[in-house]
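Visitor: here's my sequence, what's the structure:
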Amino acid sequence: MDDNIKEAFLKVKEDIFYIKQDLESLRASLNETRTYLSNLSNIIQLLNKKTDNLIKIKEENIENKQLTTSTQKQESSTIQQDNPTNQHIFKPLNNQISSISIGNEGVPTDRQTDQQTDQHIDKGSYNIIKEENKDSIGKASEILDSLDNIKKDIRLKFKRLTDQEILVFSTIYQLDEEIGYSDYKSISERLSLTESSIRDYVGRLIKKGIPIDKNKINNKTIHLNISQNLKKIASLNTLLKLRDI
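Guide: Numbers count the residues shown, from 1 in each chain. Okay, here's the model as predicted:
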């Protein structure tokens with residue numbers, strides 16, 4: 001009876017230790033998230049500022065073009081008013097040529113139309129570029145968020161492991177790389193632990209979300225493998241480093 005109470009007390013003590021580890025991991029994750037969001041906000045503000053500056057420069061260029069066009073038009077009108085005699089003399093000639101060409105009087109109109117069209121195209125193109133930049137920033141932000149969330153999730157899971165559990169996981173990973181699988185016997189021999197203890201540790205690892213595949217061979221022997229998806233994301237050395245962050 002006393003042994004049962006003692007064992008129950010030790011189990012509660014171990015659970016409290018795990019809860020403390022989880023809380024510390026959550027605090028660290030929250031601090032990292034705050035830092036990440038702050039940096040991302042600064043980047044977005046900088047990009048918005050640059051975009052606004054580009055728009056301002058473009059609008060100033062368009063205003064300068066419009067002012068130049070208006071000045072040229074006024075100068076052309078002044079020249080025509082200062083030379084009424086010349087207009088009267090060449091009026092018949094203009095009438096004769098009008099059936100073939102627009103004449104000098106049509107030049108300012110064409111220039112103004114071309115400039116207005118160019119301005120419209122420039123504004124449209126710039127708005128398209130601006131929207132594309134926003135889309136690119138948004139997609140990049142989504143990718144960064146996704147990668148960061150994956151990294152945080154993996155790190156939190158491994159930070160919750162005890163030193164003995166990470167030792168068992170590392171042995172499974174190494175045997176998986178060496179011979180393609182591991183079993184309770186091979187792990188117990190390498191770590192000098194009982195097979196019963198190895199089963200217990202493997203059960204804890206799986207319960208804590210560590211992706212270990214269990215395959216029964218000939219309805220008898222259990223083969224253990226590290227999930228291929230986890231291997232694609234990170235090597236054993238990388239996982240151990242993430243745990244230390």
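
Visitor: domain-wise, how is this structure divided?
Guide: Listed by automatic domain parsing, the domain ranges of the chain are 2-159, 163-244.

Visitor: worst mean pLDDT among those domains?
Guide: Ranked by mean pLDDT, these bottom out at domain 2-159, with a mean of 66.

Visitor: in a strand, that's where residue 213 is, yeah?
Guide: Yes - Residue 213 sits within a strand when classified using DSSP: H, G, I helix; E, B strand; the rest coil.

Visitor: from residue 211, how far out is the nearest residue to it once chain neighbours are set aside?
Guide: Nearest residue to residue 213, sequence neighbours excluded (Cβ to Cβ, 6 or more residues apart in numbering): residue 225, at 4.5 Å. Every C-beta, even on glycine, is put in place using the N, C-alpha and C of the backbone. Distance of residue 225 to residue 211, computed by Cβ to Cβ, to the nearest Å: 10 Å.

Visitor: go on, residue 19?
Guide: For residue 19, the distance to residue 211 - Cβ to Cβ - is 23 Å.

Visitor: which of those two has more neighbours?
Guide: Taking neighbours as other Cβ atoms under 10 Å, residue 19 and residue 211 compare with residue 211 leading, 16 against 11.

Visitor: residues contacting that one?
Guide: Residue 211 makes contact with 226, 227, 229, 230 under the criterion Cβ atoms under 8 Å, 6 or more residues apart in numbering.

Visitor: just the buried subset of these, please.
Guide: Buried members of those, scored by 16 or more other Cβ atoms under 10 Å, are 226, 230.

Visitor: pretty sure residue 223 contacts residue 202?
Guide: No - at 11.7 Å, residue 223 does not count as touching residue 202 under the criterion of Cβ atoms under 8 Å.
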